[in-house]
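Engineer: next comes the sequence, and after it the predicted model I'd like to discuss.
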Amino acid sequence: MTEAIAAGLGSSTHAALRNRLSNDAAAGAALPSFNVVDFLERLTALGYDPRSSFVRPVAAELAQPVPSFVDLQASLRVWAATLKNLKSEHIDWGRYLHQQCAHVFADAHDLGEPEERTMGDAVQRWYAGADHSACLPGWGAMLDGHFFRFHPGCNDLYFFRSLPLSGGGHVQYTSAVIAMPSGDNNTQDLLASAETMAGIFGWTATRLPGWNWDSSTDSTLLLYRPSMSHAERLRQWEGSFPRWLLENQRHLLEGAGAARRKTIEELVRCPHVPMHVRGFEEFRDCYLKEDVPTSQDDRPGDFDEICEQLFEVWLAASPCMNGAG
């Protein structure tokens with residue numbers, strides 16, 4: 001473990017790290033930043049399997065598809081062997097079968113609703129966000145903007161669950177993602193890498209090749225889910241900072257300058273804003289230090305300061321926070 005930690009801190013060996021830290025301490029230098037990817041790669045090289053914490057098993061009865069799903073897979077094979085533009089009553093039959101597969105899969109694994117079933121009926125929709133109950137330091141380095149791609153080279157399929165709003169309506173968060181890599185994207189190295197990246201992000205990965213409904217013969221299926229249960233997310237959502245921001249967005253934007261407006265709008269849109277935090281230092285550590293744009297031009301220069309001001313307003317307005325004091 002000490003050798004892997006040394007790799008995460010940029011040293012080739014533990015002895016080299018100790019020597020470096022001694023020299024840095026004498027010079028008053030700060031501890032180097034921790035690279036979790038290098039840490040995990042070194043663990044793997046030493047014979048450990050860090051993915052064991054990220055890979056979620058499924059119940060034996062769900063490892064293979066249910067009969068209704070097998071029938072859909074057979075229909076898809078027939079469709080793929082014939083004209084792919086076959087239409088029935090102006091409906092693309094192949095697309096319909098794919099949608100039915102997603103619905104049956106979601107019901108069997110209790111994933112929430114497939115994306116196409118939930119279009120347009122939410123106040124806000126968040127794509128996959130870091131699970132702050134399980135993510136590792138360094139998850140922000142894997143983002144492209146605010147977006148996290150579970151399996152590069154594949155078209156991910158998203159599932160959503162709802163969180164209620166006080167005035168009626170709801171928001172949606174990503175409750176599961178599936179990828180069906182094929183060809184060069186379906187190799188053991190790439191699958192293991194995708195599982196590790198999901199683990200750093202706080203999500204689990206499950207391989208379910210029997211449930212795959214891609215028409216390629218060399219494809220598989222990976223199911224990604226956040227570590228936190230929906231019940232726990234509902235509990236954290238109650239009285240949370242992101243809920244308060246969203247429900248009070250119109251009021252907060254009244255008379256706001258450009259920097260404050262841009263900050264509020266980004267926080268409302270961002271899927272990574274933590275729900276559990278009750279102190280700004282924790283908010284800074286688990287969010288602001290991770291979700292950093294590649295260009296500082298993408299954010300106001302005083303983004304962090306505005307976040308802290310908003311946090312203080314939320315704390316002052318929150319009954320549970322006042323009661324805790």
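Structural biologist: Right, received. Where do you want to start?
Engineer: going forward, measure contacts between C-alpha atoms and count neighbours the same way
Structural biologist: OK.
Engineer: and the helices in the chain, which stretches?
Structural biologist: Per DSSP state H, the chain carries helices over the ranges 2-8, 14-27, 36-45, 67-81, 93-109, 188-200, 230-237, 241-247, 249-253, 258-269, 280-283, 303-317, 319-324.
Engineer: who are the contact partners of the closest residue to residue 179 other than its chain neighbours?
Structural biologist: Closest residue in space to residue 179, ignoring its immediate chain neighbours: residue 156 at 4.9 Å, by C-alpha to C-alpha, 6 or more residues apart in numbering. By C-alpha atoms under 8 Å, 6 or more residues apart in numbering, the residues touching residue 156 are 150, 177, 178, 179, 180.
Engineer: circling back: nearest to residue 166, of the helices of the chain?
Structural biologist: helix 241-247 (7.6 Å; C-alpha to C-alpha).
Engineer: for that closest one, packing partners?
Structural biologist: helix 258-269, helix 303-317 (3 or more C-alpha pairs under 8 Å, 6 or more residues apart in numbering; DSSP states H and E).
Engineer: biggest strand in this structure by residues?
Structural biologist: Secondary structure assigned by DSSP state E gives strand 170-179 as the longest strand of the chain.
Engineer: show me what that strand pairs with in its sheet, parallel or antiparallel.
Structural biologist: When pairs are called by DSSP bridges, strand 170-179 turns out to pair with strand 124-126 (parallel), strand 157-164 (antiparallel), strand 222-226 (antiparallel).
Engineer: adding distance to residue 129, mean neighbour count and mean pLDDT, write the helices and strands packed on helix 241-247 out as JSON lines.
Structural biologist: Listed next are the helices and strands packed on helix 241-247 as JSON lines, based on distance: least, C-alpha to C-alpha, whole Å; neighbours: other C-alpha atoms under 10 Å; pLDDT from 0 to 100:
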{"stretch": "helix 258-269", "distance to residue 129": "11", "mean neighbour count": "16", "mean pLDDT": "94"}
{"stretch": "helix 303-317", "distance to residue 129": "19", "mean neighbour count": "16", "mean pLDDT": "94"}
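Engineer: looking at these, which is nearest to residue 62?
Structural biologist: With C-alpha to C-alpha as the yardstick, what comes closest out of the helices and strands packed on helix 241-247 is helix 258-269 (34.6 Å).
Engineer: counting by contacts, list what that closest one packs against.
Structural biologist: Checking 3+ C-alpha pairs under 8 Å, 6+ apart, helix 258-269 ends up next to strand 124-126, helix 241-247, helix 249-253, helix 303-317.
Engineer: what's the angle from that helix to helix 303-317?
Structural biologist: Counting by axes from the mean of the first three to the mean of the last three C-alpha atoms, to 10 degrees, helix 258-269 lies at 70 degrees to helix 303-317.
Engineer: run through who's touching helix 258-269.
Structural biologist: By C-alpha under 8 Å, 6+ apart, helix 258-269 touches 124-126, 242, 245-246, 249, 252-253, 273, 299-300, 302-303, 306-307.
Engineer: what's the answer for stretch 203-221, then?
Structural biologist: 54-58, 63-65, 69, 73, 76-77, 80, 98, 101, 105, 130-131, 134-135, 178-183, 186, 195, 198-199, 222-227.
Engineer: how about the nearest residue to residue 134, chain neighbours excluded?
Structural biologist: With C-alpha to C-alpha, 6+ apart, the residue lying closest to residue 134 is residue 202, at 4.4 Å.
Engineer: who's in contact with the one you found?
Structural biologist: So residue 202 contacts 130, 131, 132, 133, 134, 135, 136, 226, 227 (C-alpha under 8 Å, 6+ apart).
Engineer: which of the residues you listed tops the neighbour count?
Structural biologist: residue 130 (28 neighbours; other C-alpha atoms under 10 Å).
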